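Trainee: sequence first, then the predicted structure:
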Amino acid sequence: MAPVSLKWDETSLHENRFVRDEDERPKVPYNKFSSEIPVISLKGIDDVDGSSVDGFGSRRAEICDKIVKACEDWGIFQVVDHGVDTKLLSEMTRLAREFFELPTEEKLRFDMTGGKKGGFIVSSHLQGEAVQDWREIVTYFSYPIKARDYSRWPDTPKEWRAVTEKYSEELMGLACKLLEVLSEAMGLEKEALTKACVDMDQKVVVNYYPKCPQPDLTLGLKRHTDPGTITLLLQDQVGGLQATRDGGNTWITVQPIEGAFVVNLGDHGHYLSNGRFKNADHQAVVNSNTSRLSIATFQNPAPEAVVYPLKVNEGEKSIMEKPITFMEMYKKKMSTDLELARLKKLAKEKQDLEKVKPIENIFA
Ligand SMILES: O=C1C[C@@H](c2ccc(O)c(O)c2)Oc2cc(O)cc(O)c21
Ligand SMILES: O=C(O)CCC(=O)C(=O)O
Ligand SMILES: [Fe+2]
């Protein structure tokens with residue numbers, strides 16, 4: 001299947017494929033930033049247990065409390081002082097932008113359509129979506145290292161592969177550190193969550209959202225929860241990431257912070273904690289002033305890893321009926337997402353037909 005379109009500046013939203021139903025359209029501007037999502041400094045997270053700040057408990061304990069609270073409230077928070085070199089972050093962003101500025105034919109050398117594992121695609125990783133996302137992505141699978149297929153990693157700009165390898169390694173380290181905190185908060189050993197992932201997978205998705213003539217009618221990336229354990233998102237200073245915790249009634253736009261990562265829990269993290277930690281419900285909106293770039297690093301369990309709460313407290317019930325593998329969970333989620341989109345499209349077509357019926361009747 002050929003990609004939809006790469007001529008974003010010539011694409012009119014009168015082309016229905018980008019127009020969302022009214023209930024799905026953005027409710028809050030891309031640049032009206034909220035301070036509701038906590039920003040947590042990780043400085044001191046490696047302090048050995050027992051060392052104290054001014055005699056009041058350790059800095060690590062303080063950070064852990066903030067992370068746990070954010071996961072219980074929103075399933076989303078930002079981290080600063082995380083230890084990943086800021087030069088690496090700016091290199092990663094610069095090279096990613098250069099990739100999207102390449103001529104179409106160059107990007108299509110990595111065309112991912114037809115089920116290839118990694119590469120470039122317009123709009124969505126899900127083929128068959130009723131309404132398209134206003135974005136392009138390039139994606140590659142970085143862990144486990146033995147499964148890397150470099151033929152699916154962009155080779156232009158030429159420094160990108162080396163930078164990406166380093167970036168992936170650093171982010172794997174940071175993600176594991178955050179999972180240790182959550183394991184301890186569940187009263188489990190530090191390695192409990194990473195062990196439950198068996199051999200942790202990592203997948204990097206670089207999102208490029210072109211500027212859009214009618215941003216109020218469409219979405220850069222439709223509302224979703226991430227399927228995996230935890231996601232680390234690096235975004236530029238434009239703004240567009242939005243979160244909801246009341247099923248899409250109200251939304252907030254996450255404030256971009258230079259050098260910070262937005263961390264959000266996915267479905268796997270939510271299930272393993274028996275629902276204690278939220279799987280962040282989020283979307284990306286676009287704007288008519290400027291394009292936007294974000295880099296999502298998805299930390300997922302191995303496909304064969306068993307998904308089931310690690311601990312069910314006394315008096316509670318498991319939120320899962322039975323254990324399933326991550327592969328089963330992922331496939332079920334993606335097919336449900338597609339099916340919902342298909343049903344919505346059908347319902348809309350039916351509604352549109354009903355509207356024209358009275359006119360037909362005039363001629364009957
Ligand atoms: O692009 C994404 C975002 C996200 C997602 C999940 C479920 C959806 O229905 C959706 O439209 C987007 O999580 C992903 C998970 C992946 O494995 C690949 C992706 O490209 C994405
Ligand atoms: O671009 C963003 O801000 C959100 C990206 C995202 O949610 C994703 O890639 O899963
Ligand atoms: Fe996401």
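Mentor: Nice, I can see it. Numbers count the residues shown, from 1 in each chain. Ligands and ions are numbered 1, 2, ... in the order given.
Trainee: okay, strands next: where are they in the stretch 201-350 of the chain?
Mentor: Here the stretch 201-350 of the chain has its strands, by DSSP state E, counting those that start in this stretch, at 201-209, 221-224, 230-235, 241-244, 252-254, 261-265, 281-284, 292-300, 306-307, 324-325.
Trainee: now do the helices in this protein.
Mentor: Using DSSP state H, the helices found in the chain span residues 59-73, 86-100, 104-107, 160-185, 192-196, 267-272, 326-363.
Trainee: and the closest residue to Gln132 other than its chain neighbours, what's its pLDDT?
Mentor: Once flanking residues are discounted, Gln132 sits nearest to Ser123: 4.4 Å by C-beta to C-beta, 6 or more residues apart in numbering. All C-beta spots, glycine's among them, are computed from the backbone N, C-alpha and C. According to the prediction, Ser123 has pLDDT 89.
Trainee: can you say which of the strands of the stretch 201-350 of the chain is packed in most?
Mentor: Comparing the strands of the stretch 201-350 of the chain on average neighbours per residue, with mean count of other C-beta atoms under 10 Å, the densest one is strand 261-265 at a mean of 26.
Trainee: can you read off the pLDDT for Phe261?
Mentor: With respect to pLDDT, Phe261 has a value of 98.
Trainee: which residues of the stretch 151-300 of the chain lie near ligand 1?
Mentor: By the rule C-beta under 6 Å from any ligand atom, the part of the stretch 151-300 of the chain lying against ligand 1 is 203, 205, 222, 224, 226-227, 298.
Trainee: could you dump those residues to CSV with pLDDT?
Mentor: Formatted as CSV, those follow (pLDDT from 0 to 100):
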residue, pLDDT
Lys203, 97
Val205, 98
Lys222, 96
His224, 96
Asp226, 98
Pro227, 98
Phe298, 98
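Trainee: ok, those vs Trp134, which is closest?
Mentor: For these, the closest approach to Trp134 (C-beta to C-beta) belongs to Lys222, at 9.9 Å.
Trainee: next, work out how far apart that closest one and Gly259 are.
Mentor: Noted for Lys222: a distance of 28 Å to Gly259, by C-beta to C-beta, to the nearest Å.
Trainee: how about Asn16?
Mentor: On the measure of C-beta to C-beta, Asn16 and Gly259 end up 40 Å apart.
Trainee: cool, Asp133 as well?
Mentor: In this view, Asp133 and Gly259 are 27 Å apart by C-beta to C-beta.
Trainee: so the two - more neighbours on which side?
Mentor: Asp133 (25 against 14; other C-beta atoms under 10 Å).
Trainee: from memory that one sits against His224, does it?
Mentor: No. With contacts counted by C-beta atoms under 8 Å, Asp133 stays clear of His224, the gap being 10.1 Å.
Trainee: who's in contact with the closest residue to Arg223 other than its chain neighbours?
Mentor: What sits nearest to Arg223 in space, not counting adjacent residues and going by C-beta to C-beta, 6+ apart, is Gln283, at 4.3 Å. Contacts for Gln283 were tallied using C-beta atoms under 8 Å, 6 or more residues apart in numbering; they are 219-224, 242, 251.
Trainee: what's the closest of those to Glu316?
Mentor: His224 (26.9 Å).
Trainee: how about the contacts made by that closest one?
Mentor: 281-283, 337 are the contacts of His224 under C-beta under 8 Å, 6+ apart.
Trainee: who does it bridge with?
Mentor: Counting by DSSP bridges, His224 forms beta bridges with His282.
Trainee: that one and Glu24: what is the separation?
Mentor: Taken as C-beta to C-beta, the span from His224 to Glu24 is 12 Å.
Trainee: same check on Asn274?
Mentor: 30 Å.
Trainee: again, but for Leu343
Mentor: Taken as C-beta to C-beta, the span from Leu343 to Glu24 is 14 Å.
Trainee: so between the two, which is more surrounded?
Mentor: For Leu343 versus Glu24, the count of surrounding residues by other C-beta under 10 Å is larger for Glu24: 17 against 11.
Trainee: quick check: angle from the helix or strand of the chain with the lowest mean pLDDT to strand 292-300?
Mentor: In the chain, no helix or strand scores lower on mean pLDDT, DSSP states H and E than helix 326-363, which sits at a mean of 81. Calculated by axes from the mean of the first three to the mean of the last three C-alpha atoms, to 10 degrees, helix 326-363 forms an angle of 130 degrees with strand 292-300.
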